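Novice: with the input below, show me the fold.
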Amino acid sequence: MNTFFCSDNSREAGEDIIGSASNYQTYILVECPPPWSPEAIHSRWVPENLQMLVKEIKQEKLPISFLLISNNSSHKVEQTTLLIYQKKEGLSNGYHKQEFCLRNIEQVATVVKKWLRGGSDSEVETSTTRDILICTHGSRDRCCARYGNPFYFHATTSVSSLGLDNVRVWKSSHIGGHRFAPTAIDFPTGRYYGGLDQESFKSILTRSGDIDFLTKVYRGWGILPNAIQVLERELILRHGWDWFDYNVTGKIIQQNLEEKMVLGEITFEKPDSSVYCYQAKLVKDEAKALKIKASCSSTQESMVVNYTVDSLWLASTKLATCSK
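Specialist: The predicted structure is shown next:
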């Protein structure tokens, strides 16, 4: 019997992966060596106090994502890295990072509780880093093992060969979207990618090359609502790699009851302080609807209908004033 792989199935069906980035206010990333259980927080090395904290946060439905991360030296070092990425308010380029270097994973829950109350005293000063999380959570979905693990290996090699000292690559527990494996989140921006190969990964790392490839691998920006992620991709293709230097905010202005039509807005600020506001009508493209299995373990197919930009217009402009 042939083993089913949801990632192969999605690629063969030609699924458009845009608009699939998760939208969280906060990411709490805890260094913890594999193996990880299907529910990562129940893994062998995760202490009970942290399991209880995650349970409480889920019950309160706070917009927080807990992820386990590791790298090739996680099982050898006598310390635990804790990263907290908090979404910036207003026009922004993503998330603000706080990094903690703890003696062991048992300390994580105490530090996170203190952080949630608005205080922290063990933050370490770190240089500006780019943390790229690659889902390798094979116990959750076999595609994340089949495609995530080898991709992680080659990704670390790529970063090293390019001499990018400020980029750290991490294995990560489930980030959503198994069927887009190998999947990744690029922090501090919080952009999601899927169906990656080494060529597209190098372009993302260096922000160079023909930007049209993003139509295949870009899942969207986690600071934006899912429908607005579709609009953002359209603007990326218009502005090119310069877009990644802009501060952005986006929102849904209006949507009908069935959510088949959305009126959306993106405002962005260029480095010269000029501000532009685009609005767009987004409609669900029924012609491109797909029946697809969401994961390798899915017993039945789900209908997937994505938004497309029906019309786009410049709503307002505020040009920078030059001082002599």
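
Novice: what comes into contact with the lowest-mean-pLDDT helix or strand in the chain?
Specialist: Least confident helix or strand of the chain, by mean pLDDT, DSSP states H and E, is helix 142-143 with a mean of 75. Contacting residues not belonging to helix 142-143 are listed as 3, 5-8, 178-179, 181, 295-296 [C-beta atoms under 8 Å, 6 or more residues apart in numbering]. Using the backbone N, CA and C atoms, a C-beta is placed for each residue, glycine as well.

Novice: among those, which are in strands?
Specialist: Using DSSP state E, no member of those sits in strands.

Novice: report the lowest-confidence entry in those.
Specialist: Within the contacts of helix 142-143, Asp8 has the lowest pLDDT, namely 69.

Novice: show me what Thr267 bridges to in the sheet.
Specialist: Thr249, Cys277 (DSSP bridges).

Novice: err, Val30, not the other one
Specialist: Under the criterion DSSP bridges, Val30 forms beta bridges with Leu68, Leu82.

Novice: residues near it, how many?
Specialist: 27 (other C-beta atoms under 10 Å).

Novice: renumber starting at 821 from here on
Specialist: With the count now opening at 821, the last piece we talked about shows up as Val850.

Novice: got any ranges where the stretch 871-1020 of the chain has weak pLDDT?
Specialist: Scanning the stretch 871-1020 of the chain with the threshold set as pLDDT under 70 gives 940-943, 945-946, 958-959, 961.

Novice: now do the helices in it.
Specialist: Ranges of helices in the stretch 871-1020 of the chain, per DSSP state H, counting those that start in this stretch, are 928-936, 962-963, 969-981, 1018-1026.

Novice: report all helices and strands that the last one contacts.
Specialist: Secondary structure elements in contact with helix 1018-1026, counted by 3 or more C-beta pairs under 8 Å, 6 or more residues apart in numbering; DSSP states H and E, are helix 969-981, helix 1034-1037.

Novice: and of those, who's closest to Val987?
Specialist: helix 969-981 (4.9 Å; C-beta to C-beta).

Novice: Ile861 falls within a helix, correct?
Specialist: Yes - secondary structure of Ile861 (DSSP: H, G, I helix; E, B strand; the rest coil): part of a helix.

Novice: what about it, how many residues nearby?
Specialist: Around Ile861 there are 20 residues (other C-beta under 10 Å).

Novice: just name the most buried of the helices of the stretch 871-1020 of the chain.
Specialist: Mean neighbour count (mean count of other C-beta atoms under 10 Å) peaks for helix 962-963 among these, with a mean of 23.

Novice: take the helices of the stretch 871-1020 of the chain and write them to TSV, including distance to Thr846.
Specialist: Rendered in TSV, the data for those read as follows (distance: least, C-beta to C-beta, whole Å):
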stretch	distance to Thr846
helix 928-936	9
helix 962-963	27
helix 969-981	24
helix 1018-1026	23
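
Novice: out of the ones you listed, nearest to Val1050?
Specialist: Nearest of those (C-beta to C-beta): helix 1018-1026, 19.0 Å.

Novice: from Ser1136, how far out is Tyr1012?
Specialist: 29 Å (C-beta to C-beta, to the nearest Å).
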